[in-house]
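Enquirer: Got a sequence here, can you build the structure:
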Amino acid sequence: MRRYVPANLLDARPHIVVDGAPRPGTVCTLSHWPGTPTPEALRADLSAEIALGALARPDLVPDVEAVTIDHYDEDGVVALALLVVEGLAEAHAALLVEAARVGDFGVVRDRHAALVAFALAALADPERTPVEELRPRRRPADWLEVCSVAAAEALRLLPALAERPEDHASLWTDEAVAYGASVAAIAEGSVSIEEHPDVDLAVVRVVDAVLTRPASPTRWAGRVVHPAAVHSATSCLRVATISGRRYELRYRYESWVRLQSRRPRRRVDLSQLAGELSAAERSAPGATGASWAFDGAGAITPSLHLGEQDSALDPDRFVDDIVRVLADLDTGPPAWDPYAASAGA
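Expert: Modelled structure (predicted):
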């Protein structure tokens with residue numbers, strides 16, 4: 001049976017790395033990351049699915065004991081657990097793959113899987129984790145050490161969590177409430193989603209900005225609408241959010257990884273659009289001189305944003321500019337292509 005060895009304790013010994021890039025001593029990579037040498041026959045949307053494929057095709061995976069991850073997230077820790085926790089894949093493979101999908105892509109197909117994902121996320125959150133070593137006063141400065149402690153706790157907890165997620169409500173309640181409020185807002189119409197399929201764009205308009213927001217600085221706290229509520233309602237991978245005079249355009253994570261179930265529209269560079277919007281902000285009535293910025297097409301989930309400022313631009317003008325620029329840039333070469341041999345290298 002394989003076992004988990006934290007990345008900071010490997011000492012270059014032969015190992016399998018999941019949901020990441022090769023390290024010194026890596027003899028097999030099982031990852032959906034761009035540019036990683038995952039065996040082609042095992043490639044899949046999620047690293048958890050790749051791990052399951054590796055269990056089914058042991059001939060494609062070297063017989064080494066150590067398995068590692070170099071960061072903590074739901075897809076990575078699920079992939080790790082499927083490989084090292086005896087009996088877990090046989091008992092809960094389908095549920096855990098869906099939990100990984102919630103964690104990485106924010107797509108909810110099964111409520112229990114969502115609760116598992118929310119609980120796993122809480123383990124590494126310093127404000128919510130029950131693991132004393134990960135609380136703010138004792139939290140290691142080295143992220144690999146944080147990953148090691150959180151992953152070890154996840155591996156211990158996962159069999160029981162997958163069996164009965166309702167028994168672990170203290171871990172998932174905060175996020176489940178935020179997610180549920182956003183789902184309800186979409187259903188009631190206080191949040192609407194309009195799609196522009198020609199440019200793979202979903203426009204999320206928040207009519208009622210008073211949604212349940214968590215107090216802790218978690219991954220969803222900076223969003224007006226919980227990402228999983230939006231991503232479960234649209235397959236578009238470019239998402240613009242309009243809430244009052246706060247606007248943002250963000251690329252979803254699926255367009256950064258080497259997705260296999262479909263080929264997403266490649267990312268384009270929105271730096272020029274950021275400049276155009278900044279110039280428009282300066283000349284608009286009530287201008288504040290605010291400047292737009294784009295994080296870069298190669299960032300994991302990059303956004304075109306104004307920061308914590310109101311825009312002087314009309315929201316429809318913002319959408320029209322996005323649609324126009326995306327339509328134009330999509331005719332040219334991509335700024336980020338996860339399927340290119342050098343991507344992520």
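Enquirer: Sketch out the helices for this structure, chain order is fine.
Expert: With DSSP state H as the criterion, the chain has helices at 47-56, 74-84, 88-105, 111-123, 143-163, 169-188, 227-231, 271-283, 315-329.
Enquirer: closest to Arg265 out of those helices?
Expert: Arg265 lies closest to helix 315-329 among those, at 8.6 Å (CB to CB). Where C-beta positions appear, they are placed from N, C-alpha and C, glycine not excepted.
Enquirer: what comes up buried for the closest one?
Expert: For helix 315-329, the buried set under the neighbour-count rule, 16 or more other CB atoms under 10 Å, comprises Pro315, Phe318, Val319, Asp321, Ile322, Val323, Val325, Leu326, Leu329.
Enquirer: ok, now stretch 158-173?
Expert: Of all the residues in stretch 158-173, those buried under the rule 16+ other CB under 10 Å are Leu158, Leu161, Ala162, Pro165, His168, Leu171, Trp172.
Enquirer: pretty sure the last one contacts Ala122?
Expert: It refers to Trp172. Yes - assessed by CB atoms under 8 Å, Trp172 is found in contact with Ala122 at 6.6 Å.
Enquirer: So the nearest residue to Pro22 once chain neighbours are set aside versus Arg43, what's the distance?
Expert: Excluding its sequence neighbours, the residue lying closest to Pro22 (CB to CB, 6 or more residues apart in numbering) is Thr29, at 5.2 Å. Thr29 sits 11 Å away from Arg43, taking CB to CB, to the nearest Å as the criterion.
Enquirer: now the stretch 51-200 of the chain, which segments are flagged as low pLDDT?
Expert: Nowhere does the stretch 51-200 of the chain drop to pLDDT under 70.
Enquirer: quick one, which of the helices of the chain is nearest to Ser243?
Expert: Nearest to Ser243, of all those, is helix 315-329, at 9.5 Å by CB to CB.
Enquirer: Let's test this: mean pLDDT of that closest one, rounded?
Expert: The pLDDT scores in helix 315-329 average 97.
Enquirer: So which elements touch it?
Expert: Applying 3 or more CB pairs under 8 Å, 6 or more residues apart in numbering; DSSP states H and E, one finds that helix 315-329 makes contact with strand 201-206, strand 238-243, strand 246-251, helix 271-283.
Enquirer: angle of that helix against helix 271-283?
Expert: Angle of helix 315-329 versus helix 271-283, following axes from the mean of the first three to the mean of the last three CA atoms, to 10 degrees, is 150 degrees.
Enquirer: Can you show me the CA trace of helix 315-329 as CSV?
Expert: What follows is helix 315-329, C-alpha atoms only, in CSV (Å, rounded to 0.1, in the frame of the first residue of the first chain):
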residue,chain,number,x,y,z
PRO,A,315,-22.8,48.6,-16.3
ASP,A,316,-24.2,48.0,-19.8
ARG,A,317,-21.2,49.8,-21.3
PHE,A,318,-18.9,47.6,-19.2
VAL,A,319,-20.6,44.5,-20.6
ASP,A,320,-20.6,45.8,-24.2
ASP,A,321,-16.9,46.6,-24.0
ILE,A,322,-16.2,43.1,-22.7
VAL,A,323,-18.2,41.4,-25.4
ARG,A,324,-16.6,43.5,-28.2
VAL,A,325,-13.0,43.0,-27.0
LEU,A,326,-13.5,39.2,-26.4
ALA,A,327,-15.0,38.7,-29.8
ASP,A,328,-12.1,40.5,-31.4
LEU,A,329,-9.3,38.8,-29.4
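Enquirer: tell me the angle of that helix relative to strand 238-243?
Expert: 170 degrees.
Enquirer: And for helix 315-329, what's in contact with it?
Expert: The contact list for helix 315-329 (CB atoms under 8 Å, 6 or more residues apart in numbering) reads 196, 198-201, 203, 205, 238, 240, 242, 245, 247, 249, 268-270, 272-273, 276-277, 280, 304, 311.
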